[in-house]
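[1] how would this look folded up:
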Amino acid sequence: MKIVHILPSLKKAGAEVFVSNLAVEMAKCHEVTVLALHDGVDENEMKDYLCSNNVNVINLHSSSGIIRVLKLNKVLDKMKPDIINTHLERVSFYFVVCNLSRKWKSVQTIHNTVIDFPNLQRLVMKHFFDGYIAISEKTKSIIYDQIKPNSCEKIYNGTTLDRFKCKRDINIRPKIVLFIGRFEEQKNHKFFVESYKKIIDDGFDDLPDVYFAGEGSMMNGIQKYCTDNDLNERVHFLGIRNDIPELLEDSDILVNTSKWEGLSIALIEGCASGIPMLVSDVGSNGEIITDEVSGFVYKDGDYIDFKNKFLRLCNDAELRKKFSDISKSEAAKFSIKTSAKNYIEYYLQV
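    Below is the predicted model:
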């Protein structure tokens, strides 16, 4: 089967990382191309990864909407793919303009629980796709409610689990809290650092240090907050990292305070590594972590709930061991092999 995945760019973000791993897995049995509409930040690493694993990579290098459509149409006409899979809504808009005559079989993957343009999707775009893929049960419910497509399949995001498996040592007192994610509004770093400061001010001074992995437009503001509140010796900014498996292994707790999420690749990787986790109750986080069973899920924006569960994690090594063991055992359903198999089966159905 000749498969084309279309992405905005090859930057190292959640959906892009998942699609690159998916493409590599599919390329073991199929001819796969990853097509990027424009240039991304630090994209060479992902491009090299794809090319070294028999995935074709095409970058249109286009910034103008009209030029993108023309280039995309020309490339797809030449390739004659059996199936086209678009990822992220804005990418899908450009593809629909090229596919007005319905000359290509196509599916659209929705990677978030927030649909940016539900009316446009429902009234126009769904008529130019043969099916939708939802990355979680929550996302599938939202797609049927807001878009009402004829066909939608839930297929969990996956990752290469073996990369993240490790021998997890549970320290009596945790030393490192890890936060993985872009410094953007969605990830809600502000809530985390403000809560961390409040917990210290409430008299709980013996807290583990915080390490942020990632960059983004709001990083300077978070750094300024840490400087203004004497947190520089406790909060550390690592930037973009290529050693996430090692960071997870060396850390004691993983925190996710997102305001919205699809199916977080960072949390899936955390499950595979067995790191105890504290996550907000948004999006599909509850499909990865079961509260009080495989980790803690706190009410989004609720400082008291966050504080209580954070302190319980810090103070109870046996609880962290329990969460670690259960989350590792549940990680298998997020295997990239399973994701690729289910994607191929759905391609053949539509």
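
[2] Could you look up the SS state of residue 53?
    For residue 53, the assignment made with DSSP: H, G, I helix; E, B strand; the rest coil gives coil.

[3] Can you give me the separation between residue 137 and residue 333?
    12 Å (C-beta to C-beta, to the nearest Å). All C-beta spots, glycine's among them, are computed from the backbone N, C-alpha and C.

[4] Listing request: residues of the stretch 151-300 of the chain with sub-threshold pLDDT.
    The model of the stretch 151-300 of the chain has no residue with pLDDT under 70.

[5] In stretch 63-78, which residues are buried?
    Under the neighbour-count criterion of 16 or more other C-beta atoms under 10 Å, stretch 63-78 has 68, 69, 71, 72, 73, 75, 76 buried.

[6] what would the residues you listed look like in CSV with pLDDT and secondary structure?
    Formatted as CSV, the buried residues of stretch 63-78 follow (pLDDT from 0 to 100; DSSP: H, G, I helix; E, B strand; the rest coil):
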residue, pLDDT, secondary structure
68, 88, helix
69, 90, helix
71, 91, helix
72, 93, helix
73, 92, helix
75, 94, helix
76, 95, helix
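
[7] Could I get the full set of strands for the stretch 51-200 of the chain?
    Here the stretch 51-200 of the chain has its strands, by DSSP state E, counting those that start in this stretch, at 56-59, 83-87, 106-110, 131-134, 152-154, 176-180.

[8] May I see those arranged in JSON lines, with mean neighbour count and distance to residue 309 as well?
    Formatted as JSON lines, those follow (neighbours: other C-beta atoms under 10 Å; distance: least, C-beta to C-beta, whole Å):
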{"stretch": "strand 56-59", "mean neighbour count": "17", "distance to residue 309": "42"}
{"stretch": "strand 83-87", "mean neighbour count": "24", "distance to residue 309": "33"}
{"stretch": "strand 106-110", "mean neighbour count": "26", "distance to residue 309": "30"}
{"stretch": "strand 131-134", "mean neighbour count": "24", "distance to residue 309": "28"}
{"stretch": "strand 152-154", "mean neighbour count": "19", "distance to residue 309": "28"}
{"stretch": "strand 176-180", "mean neighbour count": "23", "distance to residue 309": "13"}
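
[9] Tell me the one of the buried residues of stretch 63-78 nearest residue 120?
    In terms of C-beta to C-beta, no member of these lies closer to residue 120 than residue 69, at 16.3 Å.

[10] can you tell me which residues contact that closest one?
    Listed by C-beta atoms under 8 Å, 6 or more residues apart in numbering, the contact set of residue 69 reads 94, 97, 98.

[11] Please name the residues that touch the last one.
    Taking C-beta under 8 Å, 6+ apart as the contact definition, residue 98 lies against 69, 72, 73, 76.

[12] for the second one, same thing?
    Under the criterion of C-beta under 8 Å, 6+ apart, the neighbours of residue 97 are residue 69.

[13] Identify the residues contacting stretch 151-160?
    For stretch 151-160, using C-beta under 8 Å, 6+ apart, the contacting residues are 17-18, 21-22, 111, 130-137, 139-140, 143-144, 262-263, 265, 268-269, 272, 287, 333-340, 342-343, 346, 349-350.

[14] Now do the contacts for residue 51.
    So residue 51 contacts residue 57 (C-beta under 8 Å, 6+ apart).

[15] what's the neighbour count on residue 192?
    In terms of burial, residue 192 registers 23 neighbours under the definition other C-beta atoms under 10 Å.

[16] gap between the nearest residue to it once chain neighbours are set aside and residue 248?
    Nearest residue to residue 192, sequence neighbours excluded (C-beta to C-beta, 6 or more residues apart in numbering): residue 257, at 4.6 Å. Applying C-beta to C-beta, the value for residue 257 to residue 248 is 17 Å.

[17] Please apply the same query to residue 95.
    For residue 95, the distance to residue 248 equals 35 Å [C-beta to C-beta].

[18] more crowded one of the two?
    residue 95 (26 against 23).

[19] so what's residue 101 scoring on pLDDT?
    pLDDT for residue 101: 88.

[20] Might you report the residue contacts of it?
    Contacts of residue 101 by C-beta under 8 Å, 6+ apart: none found.

[21] List the buried residues for stretch 298-307?
    By neighbour count, with 16+ other C-beta under 10 Å as the criterion, the buried positions of stretch 298-307 are 298, 300, 305, 306, 307.

[22] Give me the next element, helix or strand, following the strand or helix carrying the fourth one.
    Element membership for residue 306 (DSSP states H and E) is helix 303-315. Next in sequence after helix 303-315, counting helices and strands by DSSP H and E, comes helix 317-330.

[23] That next one to helix 303-315, inter-axis angle?
    100 degrees (axes from the mean of the first three to the mean of the last three C-alpha atoms, to 10 degrees).
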